[in-house]
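Chemist: Give me coordinates for this.
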Amino acid sequence: MIIPFGQTPIYVNKVETVQEHYDLLLPFINDDSYWRTAEEWESKTQTTMGSIKNQELPWDKILPDVEKHLQEYLNIFGPAKAFGIETRPWLNRYEKGSWQEQHNHLGARTHFSMAYVIDSQNQSNFVFADSGTNWYDYMGLNSYFQNWPKRTFIPEQESGTLFIFPSNVDHFVLPNTSDNYRITASANFYLEE
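Modeler: This is a model prediction of the structure:
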């Protein structure tokens, strides 16, 4: 399903093999040697990004189930020529109270990004954010209408929910209120000839 957020199409779907993925990842989720605290982030979220051990995760068994969704999303743009896709994945582990500040994944070798909710802990914590001005609120239209365009969008996100979006889209993660880890996989995708 494509959900428009302003002018941005955001892909939202369910990965049916999420339980298999969780079972594959469980030994790594509970092994602290795979995780680092991202000191460069305000939130101090635990991640495998930047860890040499990230490449040991079973990405070869997980990414094929995700990449078919990526192809479905990219088809809405009407591909005009063949291209390859470079994929750079990592995991995030949110302890109770862990969160992530507003950011995007825009960079020289990043076109699209994903967030894959592997264990949601029954929470909708991933939030898309519009970093532009909110003309509707400024003009007072929010007092007249219930469904005016908003600065944030929090879609339903049970375990298995996959979001794919252009890398320039801002997003953040609300604090985990569960006593258990909330687990997500992220990736950046770079298209090349």
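Chemist: So which residues of this protein form strands?
Modeler: Taking DSSP state E, the strands of the chain run over residues 2-5, 8-14, 36-37, 46-47, 84-94, 100-103, 112-119, 126-129, 152-153, 161-166, 170-173, 182-192.
Chemist: Quick check: buried residues in the fifth one?
Modeler: Spelled out, it's strand 84-94. Residues of strand 84-94 classed as buried by neighbour count (16 or more other C-beta atoms under 10 Å): 88-94. Just so you know, the C-beta spots here come from the backbone N, C-alpha and C atoms, and that holds for glycine as well.
Chemist: circling back: let's have the strands of the chain in CSV, adding mean pLDDT and distance to Phe77.
Modeler: Converted to CSV, the strands of the chain look like this (pLDDT from 0 to 100; distance: least, C-beta to C-beta, whole Å):
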stretch, mean pLDDT, distance to Phe77
strand 2-5, 76, 11
strand 8-14, 93, 9
strand 36-37, 94, 35
strand 46-47, 96, 29
strand 84-94, 96, 13
strand 100-103, 93, 24
strand 112-119, 98, 10
strand 126-129, 92, 19
strand 152-153, 82, 21
strand 161-166, 97, 10
strand 170-173, 94, 20
strand 182-192, 96, 10
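Chemist: Pick the most buried one from these.
Modeler: strand 112-119 (a mean of 23; mean count of other C-beta atoms under 10 Å).
Chemist: Relative to the whole chain's centre, how far out is that strand?
Modeler: 4 Å (C-alpha atoms, centre = their mean, to the nearest Å).
Chemist: what angle separates that strand from strand 182-192?
Modeler: Calculated by axes from the mean of the first three to the mean of the last three C-alpha atoms, to 10 degrees, strand 112-119 forms an angle of 160 degrees with strand 182-192.
Chemist: So which residue is dead centre in this protein?
Modeler: Ala115 (1.8 Å; C-alpha atoms, centre = their mean).
Chemist: nearest residue to that residue other than its sequence neighbours?
Modeler: Spatial nearest neighbour of Ala115, excluding adjacent residues (C-beta to C-beta, 6 or more residues apart in numbering): Phe163 at 4.6 Å.
Chemist: how far away is the one you found from Pro27?
Modeler: Look at Phe163 and Pro27: by C-beta to C-beta, to the nearest Å, they are 26 Å apart.
Chemist: next one: Ser33
Modeler: With C-beta to C-beta as the criterion, Ser33 and Pro27 are 11 Å apart.
Chemist: Equivalent analysis for Trp41, please.
Modeler: From Trp41 to Pro27 the distance is 25 Å (C-beta to C-beta).
Chemist: So for those two, which sits in the more crowded spot?
Modeler: Ranked by neighbour count (other C-beta atoms under 10 Å), Trp41 and Pro27 place Trp41 first, with 13 against 10.
Chemist: The more buried one and Trp99 touch, don't they?
Modeler: No - if you go by C-beta atoms under 8 Å, Trp41 and Trp99 don't touch, sitting 10.0 Å apart.
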